[in-house]
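In: sequence-free structure coming up:
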């Protein structure tokens with residue numbers, strides 16, 4: 001990522017890698033599956049004109065540590081992955097930040113706001129509904145379009161072996177189908193390089209296994225505890241979330257504050273498909289608070 005400052009923090013399971021760019025109020029940008037921090041390059045560059053952008057690789061992704069999953073998948077719970085982000089903030093001496101999360105990063109962002117409310121000033125989630133809602137409202141259309149949700153949670157090493165035989169095919173399927181054929185160009189090869197190691201394939205499966213087990217337990221335990229935080233919800237009008245769910249209605253159950261947002265002219269990978277529109281929407285939301 002050109003012009004970005006690159007750094008690492010040390011944790012008990014290994015390094016957490018991140019980039020930083022810009023000046024001004026901090027904004028933590030969290031990526032999704034099957035990508036890494038690189039997905040934010042264009043949007044972060046635009047936001048960095050007015051904000052300090054912090055762009056980590058989540059645990060198990062990119063150049064961050066990818067420890068072997070525990071039997072209960074707890075070391076890939078969103079609670080633990082959110083705690084990694086707290087350690088990044090501590091390292092940078094940032095007391096409070098806005099958080100923007102796409103896909104899996106949105107789930108880590110949601111848990112970060114729940115478990116560390118004093119560290120989060122606002123929450124923007126991109127092209128997701130809450131994990132609990134999506135599992136409870138699973139339909140044929142959703143299960144067909146997002147079959148990976150139900151494949152990746154199968155016991156190891158079935159999905160790991162399947163994906164490991166041809167990571168390029170798997171990545172082509174994910175990135176191509178979810179973006180309506182958007183061309184990632186040279187980025188694709190970087191995504192493939194970061195995703196393909198056996199430990200990363202395993203780690204990203206563990207991310208999904210955690211979401212179907214321990215994360216649901218945590219979400220159900222906290223269901224009655226609403227967070228008093230502004231939430232912005234943005235999703236692609238050409239994607240699965242728009243087709244199968246009601247994002248504003250879903251997220252409004254989780255906060256005492258107003259939920260704002262809208263569908264954008266995009267498929268799933270909004271930060272790369274329409275970075276100018278996304279950065280403007282996020283900037284407007286942050287400045288309104």
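Out: Thanks, I have it. This is a predicted model, so every value here is computed, not measured. Residues are numbered from 1 along each chain as shown.

In: can you give me the strands in this structure?
Out: In the chain, the segments counted as strands under DSSP state E are 5-11, 14-21, 26-30, 52-56, 97-102, 120-126, 231-236, 259-264.

In: Determine how far the fifth one lies from the middle of the whole chain.
Out: Its chain's average C-alpha position is 9 Å from that of strand 97-102, according to CA atoms, centre = their mean, to the nearest Å.

In: gap between the nearest residue to residue 41 once chain neighbours are set aside and residue 75?
Out: In space, and not counting its chain neighbours, residue 41 is closest to residue 1: 5.2 Å by CB to CB, 6 or more residues apart in numbering. Heads up, the C-betas are built off the backbone N, CA and C, glycines and all. Residue 1 sits 27 Å away from residue 75, going by CB to CB, to the nearest Å.

In: For those two, work out which one has more neighbours and name it.
Out: For the pair residue 1 and residue 75, the greater number of neighbours falls to residue 75 (19 against 15), based on other CB atoms under 10 Å.

In: Residue 67 is in contact with that one, correct?
Out: Yes: at 5.9 Å, residue 75 counts as touching residue 67 under the criterion of CB atoms under 8 Å.

In: Which residues are in contact with each of these two?
Out: Residues touching both residue 75 and residue 67 by CB atoms under 8 Å, 6 or more residues apart in numbering: 13, 59.

In: Can you add mean neighbour count, distance to residue 141 and mean pLDDT and give the strands of the chain back as CSV?
Out: What follows is the strands of the chain, written out as CSV (neighbours: other CB atoms under 10 Å; distance: least, CB to CB, whole Å; pLDDT from 0 to 100):
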stretch, mean neighbour count, distance to residue 141, mean pLDDT
strand 5-11, 14, 39, 98
strand 14-21, 20, 36, 98
strand 26-30, 25, 27, 99
strand 52-56, 26, 33, 98
strand 97-102, 27, 22, 98
strand 120-126, 25, 21, 98
strand 231-236, 24, 15, 98
strand 259-264, 17, 17, 98
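
In: Nearest to residue 194, out of those strands?
Out: strand 14-21 (10.1 Å; CB to CB).

In: partners of that closest one in the sheet?
Out: Sheet pairing of strand 14-21 (DSSP bridges) gives strand 5-11 (antiparallel), strand 52-56 (antiparallel).

In: Out of the ones you listed, which is closest to residue 131?
Out: That would be strand 52-56 among these, by CB to CB, at 20.0 Å.

In: Out of the strands of the chain, which gets nearest to residue 170?
Out: Going by CB to CB, the one of those nearest residue 170 is strand 97-102, 19.3 Å.

In: Point out the other helices and strands that the closest one packs with.
Out: strand 26-30, helix 104-115, strand 120-126 (3 or more CB pairs under 8 Å, 6 or more residues apart in numbering; DSSP states H and E).

In: Could you find the closest non-adjacent residue to residue 33?
Out: residue 104 (4.9 Å).

In: That neighbour: neighbouring residues, count only.
Out: Neighbours around residue 104, by other CB under 10 Å: 25.

In: okay but it is in contact with residue 58, surely?
Out: Yes: contact criterion CB under 8 Å: residue 104 and residue 58 qualify, at 6.8 Å.

In: Identify the contacts common to these two.
Out: 30-31, 207.

In: so can I have a markdown table of the strands of the chain showing distance to residue 171?
Out: Listed next are the strands of the chain as a markdown table, based on distance: least, CB to CB, whole Å:
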| stretch | distance to residue 171 |
| --- | --- |
| strand 5-11 | 23 |
| strand 14-21 | 20 |
| strand 26-30 | 20 |
| strand 52-56 | 20 |
| strand 97-102 | 17 |
| strand 120-126 | 20 |
| strand 231-236 | 19 |
| strand 259-264 | 24 |
